[in-house]
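Asker: My questions concern the predicted model and sequence given below.
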Amino acid sequence: AKSTGHNMYFVYENNMAENIDAHLTLGGGLRKAIEEEQFVLHYQPKIRLCDEEVVGAEALIRWVHPELGMISPDQFIPLAEESGLILPLGEWVIRRACRQLKEWRESGVAPIKMSVNLSSRQFMQADLVDMVERVLQETGVEPEYFELELTESMLMADAQQSIDKLHGFRKLGLTLSIDDFGTGYSSLAYLKKFPIQTLKIDRSFINDLGLDSDNDAIVKATIAMAKSLNLKVIAEGVETRSQFDLLDGYGCQEVQGYLFSKPLCGEDFLRYMSSQNVV
Ligand code: C2E
Ligand code: CA
Ligand code: CA
Ligand code: CA
């Protein structure tokens, strides 16, 4: 069949219509979904390189839609951001993650740290620090076992205000991590001013490890820089042993990725921890 410019225009327009449709359907269902708690958290293990022990978990939300099944966060977090529903949803995530951490602890496994992602609108919320403090107290989670993952663009939107907010969190005693590191615009000068403890190297860099020498040089330099700034470095999206070995050689401290485990429901995570952390 001939593909004319005209036809292509139509294809494009049809796709657009479908996207808008999906957008409206999901967006409309989101409020109800929050009321009915149609969400679950999955947890991906964070592994320490030196002994391959599970030292943490990242909480990742999924929407269990009554008709559409499991919907990934990339599909509804942007909608939740636009509508402001991210604020109640984000609070739910923090509370659920803290309760889960408490449950694991009560079942007797070694203590690990729980990390939660924040979105930009959530980060701008005026009483965010107070909310986090309240949830930690309510759930009885010690702040040193709680971490927030923030992106560079979130921090750079209003750098001075971000610094103040981060200090607020540090006063509570929790730790702060820069997520997707290397994909944003943060300057090295600012990196020094932000009171953060962890850099998480974005998956796109890990993906190319061993395949592109420029990429490897960037990862190596990032790890060296982080270490000289006394930051912990974690690599996300580690899928192969050879990626793991390269990161080990560069001095990376923690990894996360399918090589060890996909994100797991709370029960499976507990099983994973019990099977891994055996003496
Ligand atoms: P992220 O924070 O960069 O999370 C890492 C994503 O990579 C997760 O996708 C995870 O399942 C996936 N992943 C982990 N290991 C591997 C691997 O080895 N290979 C590959 N190909 N992928 C891997 P997920 O769960 O779909 O989450 C996507 C994004 O949605 C997250 O990216 C985060 O930005 C956002 N998100 C997830 N949960 C929340 C939440 O509770 N609140 C907010 N604000 N955002 C969330
Ligand atoms: Ca993250
Ligand atoms: Ca990422
Ligand atoms: Ca992200």
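Answerer: Thanks, I have the structure now. Ligands and ions are numbered 1, 2, ... in the order given.

Asker: neighbours of Phe39, just the number please.
Answerer: Per other CB atoms under 10 Å, the neighbour tally for Phe39 reads 19. (Each C-beta comes from the backbone N, C-alpha and C, glycine too.)

Asker: What of Leu87?
Answerer: By the criterion of other CB under 10 Å, Leu87 has 18 neighbours.

Asker: element containing it, please.
Answerer: Using DSSP states H and E, Leu87 falls within helix 86-106.

Asker: Now do Glu149, the pLDDT please.
Answerer: Glu149 is assigned 98 on the pLDDT scale.

Asker: Can you tell me which residues in the protein are near ligand 2?
Answerer: Where the chain comes near ligand 2, counting by CB under 5 Å from the ion, the residues are 117, 149, 179.

Asker: ok, these vs Phe169, which is closest?
Answerer: Among those, Glu149 lies closest to Phe169 (CB to CB), at 12.0 Å.

Asker: what's the neighbour count on the closest one?
Answerer: So Glu149, with other CB under 10 Å, has 20 neighbours.

Asker: same check, this time on Ile47
Answerer: Ile47 has 22 nearby residues by other CB under 10 Å.

Asker: Surely it is in a strand?
Answerer: Yes. Under DSSP: H, G, I helix; E, B strand; the rest coil, Ile47 falls within a strand.

Asker: Now the most centrally placed residue in the chain: closest residue in space that isn't a chain neighbour?
Answerer: Geometric centre of the chain, nearest residue: Asn117, 4.3 Å, by CA atoms, centre = their mean. Excluding its sequence neighbours, the residue lying closest to Asn117 (CB to CB, 6 or more residues apart in numbering) is Glu149, at 4.9 Å.

Asker: My read is that the one you found contacts Asp179, right?
Answerer: Yes. Under the criterion of CB atoms under 8 Å, Glu149 makes contact with Asp179 at 4.2 Å.

Asker: Phe76 is in contact with Val64, correct?
Answerer: No. Contact between Val64 and Phe76 fails when scored by CB under 8 Å: they sit 11.5 Å apart.

Asker: just to revisit the earlier point, overlap in contacts, Glu149 and Asp179.
Answerer: Common neighbours of Glu149 and Asp179, counting by CB atoms under 8 Å, 6 or more residues apart in numbering, are 117, 200.

Asker: returning to what we had before: tell me how far the residue nearest to Asn117 lies from Ser120.
Answerer: 13 Å (CB to CB, to the nearest Å).

Asker: ditto for Phe260
Answerer: 29 Å.

Asker: Who has more neighbours out of the two?
Answerer: When Phe260 and Ser120 are compared for neighbours, Phe260 comes out ahead with 18 against 14, by other CB under 10 Å.

Asker: Apart from its neighbours in sequence, what residue is nearest that one?
Answerer: Ile47 (5.1 Å).

Asker: I'm done for today, thanks for sticking with me.
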